[in-house]
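Engineer: coords please:
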Amino acid sequence: MGLVQTEIILKNAWDITNVRHGIIAEPEIRQTTVMAVVDTGAATLVINEAIRQQLGLEVVDTYEAELADGSAQTYGLTESVQIQWKNRRAACQAVVAPNANDVLLGTIPLGAMDLIVNPLKQELTGAHGDKVVYMLK
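Structural biologist: Model (predicted):
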């Protein structure tokens, strides 16, 4: 399977909450549109330091990740980010890889938005068509 990329919108989730509470106006939500590499080997969203700063996200914890070469590295873990892909949204924390060239969209947000990779078309698609299905047990 080749490289699958998709456009997503990232928003500061605290800003969205602050709009709901009347603390800030909707145009004040810090957000950015990026091309993300869909990476089913990554657990969550991975952003670089520049995007973290642009969204005004605080680092609230650390995350130890194993890299493709087998080495382990500790990264910052941000407060919640809202991810939007077309008409679907999910919120999760982001791992900050300071010098990363690509934004990685991992399995946790993919599952939360009910998305899969279509290997034949090499694109992201709804697991259940256009209908978002949430599995609860």
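Engineer: residue contacts, the residue nearest the centre of the chain?
Structural biologist: Nearest residue to the geometric centre of the chain (C-alpha atoms, centre = their mean): residue 45, 3.7 Å. Neighbour list for residue 45: 10, 81, 83, 92-95, 103-106, 108-109 [criterion: C-beta atoms under 8 Å, 6 or more residues apart in numbering]. Glycine gets a C-beta too; all of them are placed from N, C-alpha and C.
Engineer: wait, what's in contact with the closest residue to it other than its chain neighbours?
Structural biologist: Among residues not flanking residue 45 along the chain, residue 94 sits closest, at 4.3 Å (C-beta to C-beta, 6 or more residues apart in numbering). Counting by C-beta under 8 Å, 6+ apart, residue 94 touches 44-47, 52, 57, 77-78, 81.
Engineer: Three-state assignment for residue 94, please.
Structural biologist: strand (DSSP: H, G, I helix; E, B strand; the rest coil).
Engineer: ok, it to residue 55 distance?
Structural biologist: Note on residue 94: its distance to residue 55, by C-beta to C-beta, to the nearest Å, is 9 Å.
Engineer: any shared contact partners between those two?
Structural biologist: residue 81.
Engineer: now the contacts of residue 94 as a markdown table including distance to residue 121, secondary structure and pLDDT?
Structural biologist: Listed next are these as a markdown table, based on distance: C-beta to C-beta, whole Å; DSSP: H, G, I helix; E, B strand; the rest coil; pLDDT from 0 to 100:
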| residue | distance to residue 121 | secondary structure | pLDDT |
| --- | --- | --- | --- |
| 44 | 25 | coil | 93 |
| 45 | 23 | strand | 96 |
| 46 | 24 | strand | 96 |
| 47 | 26 | strand | 97 |
| 52 | 32 | helix | 98 |
| 57 | 33 | coil | 98 |
| 77 | 33 | strand | 97 |
| 78 | 32 | strand | 97 |
| 81 | 27 | strand | 98 |
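Engineer: how about TSV for these, with distance to residue 14 added?
Structural biologist: Output for those, formatted as TSV (distance: C-beta to C-beta, whole Å):
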residue	distance to residue 14
44	18
45	16
46	20
47	16
52	13
57	8
77	15
78	11
81	10
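Engineer: closest to residue 115 among the residues you listed?
Structural biologist: Nearest to residue 115 out of the contacts of residue 94 is residue 45 (C-beta to C-beta; 13.0 Å).
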